[in-house]
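Trainee: Based on what follows, work out the 3D shape:
(one chain, ligands or ions: 1)
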Amino acid sequence: FDLPVENDSMKTLIPNTWNTAYLAFGSNIGDKLQYIESAITILSNDPKIKITQTSSLFESEPMYFKDQDPFMNGCIQIKTKYLPQELLSICKEIEYDELKRVKHFDNGPRCIDLDIILYLNSSNEHITINEPNLVIPHPRMLERSFVLEPLCELISPDHIHPITAEPIWNHLDQLYANENDEDSLWKVIPLPNMNSQPRFLKFKSINKINKMTNQPYRETVSPTYLMGILNVTPDSFSDGGEHFSTTTIKEINFVKEMCVQVFQLHESIIIDIGGCSTRPGSIQATLEEELKRTIPVIKAIRSCNELPQEKIILSIDTYRAEVARQSIEAGVDIVNDISGGLFDDGMFKVIAANPRVSYVLSHIRGDISNMNKMNKYTNTTTDNEGGMNLIEYINGKECDIPEAQFMKVIGRELSQRYKLAIANGIRRWQIILDPGIGFAKDSNQNLQIIRDIPILKNYSCSEDGDKETVFANFKNIPILLGPSRKKFIGKITKDEDPVARDFATGSIVASCVGFGTNIVRVHDIKDCSKTIKLADTLYRKI
Ligand SMILES: Nc1nc2ncc(COP(=O)(O)O)nc2c(=O)[nH]1
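Mentor: Next up is the predicted model:
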């Protein structure tokens, strides 16, 4: 687009005030995430820069020059006192002086690339620049899904491009409407390296047009992950503690048997180790007891060289920060916290200190003893809490249809936890969402959660008028559901005994996949590995 060289926007910059900028990053050499993390850390250590949001991480095929490794891309939102040209110098210093980038040729391989995409003054007005060494908005941003996709996670659907005068979200839809395969991206969630090899959870959705309604929609096209439950508690309602033992031999043999079954159909398995039952009304184990049950099992699994370690993703099912911390040290890759950080103020800091550990942020109300009395989800109970003037979107459009109200309330409450997690330094790319089946929901609401997964996946909200708050957008964040053997199933099938609900759980698991769930947490690993494979083939054609 043709920008006037001289324009008034630069005159609106007030010295020494906090302005907003959006930077795009990319790397396709070496440990890409290490370079990205290093660049973000250097920026955050600068007193004139505050990192306010990071996007998801995406893997994309190289544009322009094809014969090179795939890129890892994303965006960050910063507050900065640097003027645009000063910020450009900071980015170049980080690329070439700090991280030793060597430029071979245009669009060639690079360890790190930092581009200024957008720059807004302290009144949130766009600054436009057209100088030989700096053009803002970035002149090629509208042709790049690896910039627009992460950028649109951080800006509201109403955010207008200052030159085209169109919402930037619309430019992303227009780009995808071309249906070019190289525009579709893999969302990657980093896990701790193993034998210095990077590991990731990978997810992919594509934008499609419904040929009958001509309406755009997003379709999940990546395989569903199976999360197998390994409860090492004596009272977990569903498996009666069949795995609870003072030695870890039983657990190791159980894991070996699971792997044999699952790896016939799936590339990897997530094993979720639980040392403290969260059955409604259950007595909570002490911290010491939970540590004694879980840490030895994690260490035993991780030290067993008969297991294909790189294909085993370990998760700890805990709401305690100290259990999470010691479990990470012992080798878990995911912290699965049913409380969304509510039960232990220290949890978010532990997760933020480990940017390669993934975090399941779940929805709940109250605590284990009273949560099932707190299942009133009408708009009057939660909106305008603390006077916030919330604008909520589904698929980028404000939506007030009654059918969406239930999941909007869950999305709203989850978004409060999400913003707090981000404010405590957790990266968006670490987060998996779980709307909490069986936690402060009645049977019908548990069924509605499964039906409404597409609403949650497309939920976003901004606090109108408050420039300081984070725009919470759940697009591209994977959804985990844990329906296995739960009471809402038994109520329909008349199965009092949870273990008798396994066959019915299989049907529910297939439905979860059909509604777009990305990870399903199950007890009956053998049969559900087949159910998930079938459902992926049927619904995702993979
Ligand atoms: N993320 C997540 N974790 C969980 N942990 C335990 C239970 C309780 O079920 P169990 O006692 O049968 O394991 N449910 C969930 C769940 O729904 N989601």
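Trainee: Neighbours of whatever residue of the chain ends up closest to the ligand, how many?
Mentor: Here the chain gets closest to the ligand at one residue, Gly482, 2.4 Å apart by Cβ to the nearest ligand atom. Any C-beta I mention is one placed from the backbone N, CA and C, and that applies to glycine too. Residues within reach of Gly482, counting by other Cβ atoms under 10 Å, total 27.
Trainee: chain center to the longest helix anywhere in the chain: distance?
Mentor: With DSSP state H setting the assignment, residue counts place helix 405-423 as the longest helix in the chain. Mean-position distance between helix 405-423 and its chain equals 13 Å (Cα atoms, centre = their mean, to the nearest Å).
Trainee: And whichever helix or strand comes after that helix, what does it pack against?
Mentor: Where DSSP states H and E defines the elements, the next helix or strand beyond helix 405-423 is strand 431-434. If you count contacts as 3 or more Cβ pairs under 8 Å, 6 or more residues apart in numbering; DSSP states H and E, strand 431-434 packs onto strand 358-362, helix 405-423, strand 480-481.
Trainee: Tell me which helix or strand comes right after strand 431-434.
Mentor: Counting by DSSP H and E, the next helix or strand C-terminal to strand 431-434 is helix 443-451.
Trainee: give me every residue that touches Met374.
Mentor: Going by Cβ atoms under 8 Å, 6 or more residues apart in numbering, Met374 touches 365-366, 440.
Trainee: Give me the helix or strand of the chain that scores worst on average pLDDT.
Mentor: Across the helices and strands of the chain, the lowest-confidence element by mean pLDDT, DSSP states H and E is helix 379-382, at a mean of 50.
Trainee: Can you list the buried residues in the helix or strand that that helix is followed by?
Mentor: Proceeding N to C from helix 379-382, the next assigned helix or strand is strand 390-394, under DSSP H and E. Neighbour-count burial for strand 390-394 flags 390, 392-394 (criterion: 16 or more other Cβ atoms under 10 Å).
Trainee: again with stretch 273-284
Mentor: Across stretch 273-284, burial judged by 16+ other Cβ under 10 Å covers 273-280, 284.
Trainee: rewinding a little: now distance to Gly340, pLDDT and neighbour count too, for the contacts of Met374, in a markdown table please.
Mentor: Converted to a markdown table, the contacts of Met374 look like this (distance: Cβ to Cβ, whole Å; pLDDT from 0 to 100; neighbours: other Cβ atoms under 10 Å):
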| residue | distance to Gly340 | pLDDT | neighbour count |
| --- | --- | --- | --- |
| Arg365 | 10 | 96 | 22 |
| Gly366 | 12 | 93 | 14 |
| Ala440 | 11 | 95 | 22 |
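Trainee: follow-up on the earlier one: ok, and the closest non-adjacent residue to the residue of the chain closest to the ligand?
Mentor: For Gly482, ignoring the flanking residues on the chain, the nearest one in space by Cβ to Cβ, 6 or more residues apart in numbering is Arg521 at 3.8 Å.
Trainee: just Cys91 next, same as before
Mentor: In this structure, Cys91 finds its nearest non-sequential neighbour in Leu114, 4.0 Å apart by Cβ to Cβ, 6+ apart.
Trainee: Repeat that for Val232.
Mentor: Distances taken as Cβ to Cβ, 6+ apart put Arg293 closest to Val232, at 4.6 Å, once the chain neighbours are dropped.
Trainee: quick one on the thing from earlier: out of the buried residues of stretch 273-284, which are close to the ligand?
Mentor: Among the buried residues of stretch 273-284, the residues within reach of the ligand (Cβ under 6 Å from any ligand atom) are 274, 277-279.
Trainee: remind me which residues of the stretch 401-542 of the chain are low pLDDT?
Mentor: 464-469 (pLDDT under 70).
Trainee: near the ligand, which residues of it?
Mentor: 434, 437-438, 480, 482, 485, 521.
Trainee: Just the terminal-to-terminal distance for stretch 136-148.
Mentor: 15 Å (Cα to Cα, to the nearest Å).
Trainee: swap in stretch 266-278?
Mentor: 28 Å.
Trainee: same question for it, mean pLDDT?
Mentor: Averaged across stretch 266-278, the pLDDT comes to 94.
Trainee: Can you say which of the helices and strands packed on strand 431-434 is packed in most?
Mentor: Stretch with highest mean neighbour count among those: strand 480-481 (a mean of 26; mean count of other Cβ atoms under 10 Å).
Trainee: Partner strands of that strand and their direction?
Mentor: strand 519-522 (parallel) (DSSP bridges).
Trainee: Now find how far off-centre the strand it pairs with is within its chain.
Mentor: 16 Å.
Trainee: what does it contact?
Mentor: Contacts with strand 519-522, where a contact means Cβ under 8 Å, 6+ apart, come from 224-229, 270, 272, 432, 478-484, 505, 509, 512-513, 528, 532.
Trainee: try 6 Å
Mentor: For strand 519-522, contacts defined as Cβ atoms under 6 Å, 6 or more residues apart in numbering pick out 225, 227, 480-482, 484, 509, 512, 528.
Trainee: possible to save those residues as TSV with distance to Ile168?
Mentor: Listed next are these as TSV, based on distance: Cβ to Cβ, whole Å:
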residue	distance to Ile168
Tyr225	31
Met227	35
Leu480	29
Leu481	31
Gly482	36
Ser484	40
Val509	37
Cys512	32
Cys528	40
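Trainee: which ones are touching Thr294?
Mentor: Going by Cβ under 6 Å, 6+ apart, Thr294 touches 273, 275.
Trainee: can you do 8 Å?
Mentor: Shown in contact with Thr294 (Cβ under 8 Å, 6+ apart): 232, 273-275, 316, 318, 323, 327.
Trainee: Strands - which of the residues you listed land there?
Mentor: 273-274, 316 (DSSP state E).
Trainee: Just the closest of those residues to Ser196, please.
Mentor: Closest approach between the ones in strands among the contacts of Thr294 and Ser196, by Cβ to Cβ: Ile316, at 23.1 Å.
Trainee: Can you verify my assumption that that closest one contacts Gly331?
Mentor: No: if you go by Cβ atoms under 8 Å, Ile316 and Gly331 don't touch, sitting 10.0 Å apart.
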